[in-house]
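Novice: here is my input; please provide its structure:
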Amino acid sequence: MTQATETLQKEIFIECRPETLFPFFIDPDKMIRWMGRQVLLEPKIGGKYRIDINGENIAIGEYKEIVENEKVVLTWGWEGSSIMPPGSSTVEFIMEPKDNGTLLILNHLEIPSEKLTSNNNGWTHYLQRIKQLGEGKDLGTDPWSITK
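Specialist: Sure, this is the predicted structure:
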C-alpha cells in the first residue's frame with residue numbers, strides 16, 4: 001500500500017539580500033541560530049546533515065542541490081520515524097531577489113499526510129526565525145530547542 005503524501009509550500013519576504021540569507025543553510029554556526037540545538041552539516045552534493053532540534057526530534061538527510069545565493073535542496077526525515085524516516089521527503093529553499101530583499105520560497109515535497117500539520121507548524125516557526133535573523137535581529141535560543 002502506497003502512503004499518501006502532500007506538498008507544503010510557504011513564502012516569506014525577508015529584508016536582506018540572498019547573499020546574506022544563503023549561509024544560514026550551509027554554515028552550522030548560522031543555522032543553529034534559527035534551527036536546532038546541535039547542527040552537523042556537510043554542505044556539498046551528497047553531503048549529510050543532522051539537525052538535533054531538542055534531543056528527541058532529529059532531522060537527517062543529505063544535500064541534493066546547492067546553487068550559491070539561489071537554492072538549497074535537501075532530503076528530509078526524522079531519526080527513528082517509521083512514518084517519515086531520514087531522506088524520505090525533499091525540502092527546497094529558493095531565494096529570489098525581490099525589491100530590497102529576498103523572497104524565500106520553501107517547498108517540502110512527499111510529506112506523509114499525517115505529518116502535514118506538524119511540518120506546517122514547524123516551518124511556520126522556523127521561517128519566522130530566519131526572517132528575523134536575516135533582518136539583523138538577535139533571537140537568542142530557539143524555545144523549541146529546550147528539552148521539556
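Novice: C-alpha from now on. contacts and neighbour counts both.
Specialist: OK.
Novice: longest strand of this structure, counting residues only.
Specialist: Ranked by residue count under DSSP state E, the longest strand found in the chain is strand 101-112.
Novice: which strands or helices does that one pack on?
Specialist: Packed against strand 101-112 by the contact rule (3 or more C-alpha pairs under 8 Å, 6 or more residues apart in numbering; DSSP states H and E) you find strand 5-14, strand 89-98.
Novice: name every strand pairing with it and say which way it goes.
Specialist: Sheet partners assigned to strand 101-112 using DSSP bridges are listed as strand 5-14 (antiparallel), strand 89-98 (antiparallel).
Novice: starting at the chain centroid, how far to the helix or strand just after it?
Specialist: Downstream of strand 101-112, the next assigned helix or strand under DSSP states H and E is helix 116-134. With C-alpha atoms, centre = their mean, to the nearest Å as the basis, helix 116-134 stands 8 Å off its chain's centre.
Novice: quick one: list the elements packing against helix 116-134.
Specialist: Here helix 116-134 touches strand 5-14, going by 3+ C-alpha pairs under 8 Å, 6+ apart.
Novice: what about residue 101, how many residues close to it?
Specialist: 19 (other C-alpha atoms under 10 Å).
Novice: that one against residue 15, yeah?
Specialist: Yes. The criterion here is C-alpha atoms under 8 Å, and residue 101 meets it with residue 15 at 4.2 Å.
Novice: need the residues touching each of those two.
Specialist: Common neighbours of residue 101 and residue 15 are not found (criterion: C-alpha atoms under 8 Å, 6 or more residues apart in numbering).
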